[in-house]
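> here is a sequence with its predicted model. Questions after.
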Amino acid sequence: MILCRSKEVVGRQNTAMGFCSLVAQDGGIFVLTMATTDGHQYLNDEAITELVDKLSTVRKNPELRGLVTTSKIGSFCDGIDYDNNPEEQAAHLAQGMAEVIRLLLEMPVPTAAAVAGNATSLGLALALAHDHCVVWDYAVVMLPEAQRGRPLPEYASALLRDKVAHARLRKLLMLKSQRCTGKELASTWYSAHCANSDRAALVNSAWEVLEGVEVGKGTDFAKARQIMWPESCAAVGVATLPPRPRPSPQELQSEKAKQDPGKIFDKQNKPALQRGSGNAIYTLSSVNIIPMPLTYRCLRINSI
């Protein structure tokens, strides 16, 4: 295991205001650490203001090549404290968090959340807004909004649709306030890199993940997120790229003929039966790009 070394961040980034701090690590990886005295990392006006300030500042740093977000003690982030915030104030805080999510989705470098504690309410949305998640095995992940009768912001719903693979799990989280552990969710998040039983090693694991991502040479991470997670980007006001027009049947047939000029296609744009092939025909009837972490891609081939 490679241990990352930290160094002081000069200027405005080195100011400790109370909710979060920003420290530069070796290789241009910056670590944003949330820490409050009660260990809940609740999101209030001051916390959201600090997050916006730190994210707005770090993205302008010429040495930046990756961002890790984590917590120091207790939970990763417990979102909004509904016991002490009436509905109108909670809606105001949720609206403010949209700016934090937007800044993460527009970050010009890869990002990773080292979820070293519980991620509940909008704390889960904060984690999902990162490209990668390294999760503590025993972290509790849940959305208490349904249980409390509070609305879930559209961007939180969009992040769940974009990042959590199984529809049933999304429904349990959103409609039943189901409690899950980091270990249980690690295999279902598109963006989850791994779960780890060693809580103290999570930041270093996230740092290693980002170290393996190539930055520069024209790589546009913000544009990649617009393509991969369009609903999440649109929900916080990030302009998304227009969808590519669907090719016509003639264009599909022409493309397939170029790829395999020796194969004969029928009128329905499917390979004709070949002698000795039996009754089964397998075609690339559709190839779908599945949203995955920025460093991975996966093709799903449908058979008929």
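On my side now, so go ahead. Numbers count the residues shown, from 1 in each chain.

> show me the domain layout of the chain.
Following automatic domain parsing, the chain resolves into domains at 6-235, 244-304.

> out of those, which is the most enclosed?
domain 6-235 (a mean of 19; mean count of other C-beta atoms under 10 Å). Using the backbone N, CA and C atoms, a C-beta is placed for each residue, glycine as well.

> ok now that domain, how far from the chain's centre?
8 Å (C-alpha atoms, centre = their mean, to the nearest Å).

> quick one on the thing from earlier: lowest mean pLDDT across the domains of the chain, which one is that?
Least confident of those, judged by mean pLDDT, is domain 244-304 with a mean of 49.

> hmm, who's touching the lengthiest helix in the chain?
As assigned by DSSP state H, the longest helix anywhere in the chain is helix 87-105. Helix 87-105 has contacts (C-beta atoms under 8 Å, 6 or more residues apart in numbering) with 43-45, 48, 51-52, 55-56, 59, 80, 82, 85, 111, 122, 125-126, 129-130, 150-151, 153, 155, 159, 222, 225, 229, 232-233, 235-238.

> again with stretch 181-188
With C-beta under 8 Å, 6+ apart as the test, stretch 181-188 has contacts from 115, 135-141, 164-166, 169, 192, 194-195.

> now intersect these with the helices, please.
Filtering the contacts of stretch 181-188 for helices - DSSP H - leaves L169.

> so which helix or strand takes in W207?
Assigned by DSSP states H and E, W207 belongs to helix 202-211.

> no no, A127
helix 122-128.

> tell me which of the contacts of stretch 181-188 is nearest to T70?
Proximity of these to T70 was ranked by C-beta to C-beta; the top entry is V115 with 7.7 Å.

> mind checking how far that closest one is from L252?
43 Å (C-beta to C-beta, to the nearest Å).

> ditto for G74
Counting by C-beta to C-beta, the gap from G74 to L252 is 54 Å.

> identify the residues contacting V109.
Going by C-beta under 8 Å, 6+ apart, V109 touches L64, R65, G66, L67, V215, F221.
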